[in-house]
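**Q** Predicted model follows, preceded by the sequence.
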Amino acid sequence: MTVLPGAFRDAIAAEFLKVRTLRSTWAFLGGGVAASLLGALILFMLVRAYDAAGPADRLRYETADPTVVTMPFVMFFIGAIGAMLVTSEFGTRSIGPSLLAVPQRRTLIGAKATVAGLIGLTGGAVFALFAFADARLLLGNRPAPINPWPQWTDAIPTVLCSTLIVTVTTVVAMGLGALLRSTAGTLTTLGSLVLVAPIFAHFLPTVWQLRLASVLLPNLTPQLAGGNHPYLLSPGGAGAVAAGYVLLALGAGALAFRRRDTA
């Protein structure tokens, strides 16, 4: 049966309406705001310590890129909104009425994936721009190494790539939600991917540390953006890994959603 474009647009509009009415959406957005403000506070304290240090000590400071601190948490909170597009309906048993309204499961899962992508794109752009603006305000004209962007144009690749990875994470979370159907299970898996695994990687031997860290979602941003980083992938390789996350999670979720009973 051919799906009419109008039916797909209606399904997308319905999914946007659902996500706006979920209280968890606003709670997760609040979590992203809190993480961004905490990152700004940490950067403020770091800048004050840098100003109080002597010339020799200043040279030992690492780059104060706020996206390194805040964006993994943003990825989790925005990604959680994508996950709730699916898991909230299984949790409340409202998936049945959704399928009555949109009986073509391919259309419904496609609409959810589209909305998840748009949420990730918008949320990622807003929070990445906030991190950049905060860094420009607090770092001012301070030189490298503490200032990652001596010119504002230097930040464009990082802002764009951060936005892309948040988008990828949100779609991945939606796919995991369709696969696991459990809010707790999906959020635990998402948190493990973007928050726990990068910490765990630091406890591995150096060779394995870099191999694992290079393919983790939060670490794809600097590899996509290029420049100086300790990881192993080229921008093209990082893009391929990001695409692999989407294809694997979304493909598995869509297959499970189409073949399994919704009860």
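**A** Great, that's in hand.

**Q** Only C-alpha atoms from now on, for both contacts and neighbour counts.
**A** Will do.

**Q** pLDDT wise, what is Phe90 at?
**A** Model confidence at Phe90, given as pLDDT, is 89.

**Q** wait, isn't it in contact with Ala184?
**A** No: using Cα atoms under 8 Å as the test, Phe90 is too far from Ala184 to be in contact (12.0 Å).

**Q** Which one of these two is surrounded by more residues?
**A** Phe90 (19 against 12; other Cα atoms under 10 Å).

**Q** Once you drop chain neighbours, what's closest to the more buried one?
**A** The shortest distance from Phe90 to any non-neighbouring residue, by Cα to Cα, 6 or more residues apart in numbering, is to Arg181 (6.2 Å).

**Q** Quick check: the one you found vs Thr167, distance?
**A** Counting by Cα to Cα, to the nearest Å, the gap from Arg181 to Thr167 is 21 Å.

**Q** Settle it for me: which of those two has more neighbours?
**A** Neighbours were tallied for Arg181 and for Thr167 using other Cα under 10 Å; the higher tally belongs to Thr167 (27 against 24).

**Q** if I pick the more buried one, what's in contact with it?
**A** Going by Cα atoms under 8 Å, 6 or more residues apart in numbering, Thr167 touches 116-121, 124.

**Q** residue ranges for the helices of this structure, please.
**A** All helices of the chain, identified by DSSP state H, fall at 5-21, 23-52, 55-58, 66-92, 95-101, 105-139, 156-180, 183-191, 197-201, 206-214, 217-225, 235-259.

**Q** out of those, nearest to Trp149?
**A** Shortest distance between Trp149 and the helices of the chain, using Cα to Cα, is found for helix 105-139: 8.1 Å.

**Q** Flag every buried residue along the closest one.
**A** Residues of helix 105-139 classed as buried: 106-125, 127-132, 134-136, 138-139 (neighbour count, 16 or more other Cα atoms under 10 Å).

**Q** quick one, it and helix 23-52 angle?
**A** 20 degrees (axes from the mean of the first three to the mean of the last three Cα atoms, to 10 degrees).

**Q** Helix 105-139 packs against which elements?
**A** With contacts taken as 3 or more Cα pairs under 8 Å, 6 or more residues apart in numbering; DSSP states H and E, helix 105-139 sits against helix 5-21, helix 23-52, helix 66-92, helix 156-180, helix 235-259.

**Q** could you give the mean pLDDT of that helix?
**A** Mean per-residue pLDDT for helix 105-139: 94.

**Q** Distance from it to the middle of the chain?
**A** Centroid separation for helix 105-139 versus its chain: 8 Å, with Cα atoms, centre = their mean, to the nearest Å.

**Q** cool, stretch 18-38 as well?
**A** In terms of Cα atoms, centre = their mean, the centre of stretch 18-38 is set 13 Å apart from its chain centre.

**Q** can you pull the alpha-carbon coordinates of that stretch into PDB?
**A** Written as PDB, here are the backbone C-alpha positions of stretch 18-38 (Å, rounded to 0.1, in the frame of the first residue of the first chain):
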ATOM      1  CA  LYS A  18       2.500  14.500  21.700                       C
ATOM      2  CA  VAL A  19       6.000  15.500  22.500                       C
ATOM      3  CA  ARG A  20       4.900  19.000  23.600                       C
ATOM      4  CA  THR A  21       2.300  17.500  26.000                       C
ATOM      5  CA  LEU A  22       4.700  15.200  27.700                       C
ATOM      6  CA  ARG A  23       5.900  16.700  31.000                       C
ATOM      7  CA  SER A  24       9.100  14.700  30.700                       C
ATOM      8  CA  THR A  25      10.000  16.800  27.600                       C
ATOM      9  CA  TRP A  26      10.200  20.000  29.700                       C
ATOM     10  CA  ALA A  27      12.000  18.200  32.500                       C
ATOM     11  CA  PHE A  28      14.700  16.900  30.100                       C
ATOM     12  CA  LEU A  29      15.000  20.400  28.600                       C
ATOM     13  CA  GLY A  30      15.400  21.800  32.100                       C
ATOM     14  CA  GLY A  31      18.200  19.200  32.600                       C
ATOM     15  CA  GLY A  32      19.900  20.500  29.500                       C
ATOM     16  CA  VAL A  33      19.700  24.000  30.700                       C
ATOM     17  CA  ALA A  34      21.000  23.100  34.100                       C
ATOM     18  CA  ALA A  35      24.000  21.200  32.500                       C
ATOM     19  CA  SER A  36      24.800  24.200  30.400                       C
ATOM     20  CA  LEU A  37      24.600  26.600  33.300                       C
ATOM     21  CA  LEU A  38      26.900  24.300  35.400                       C
END
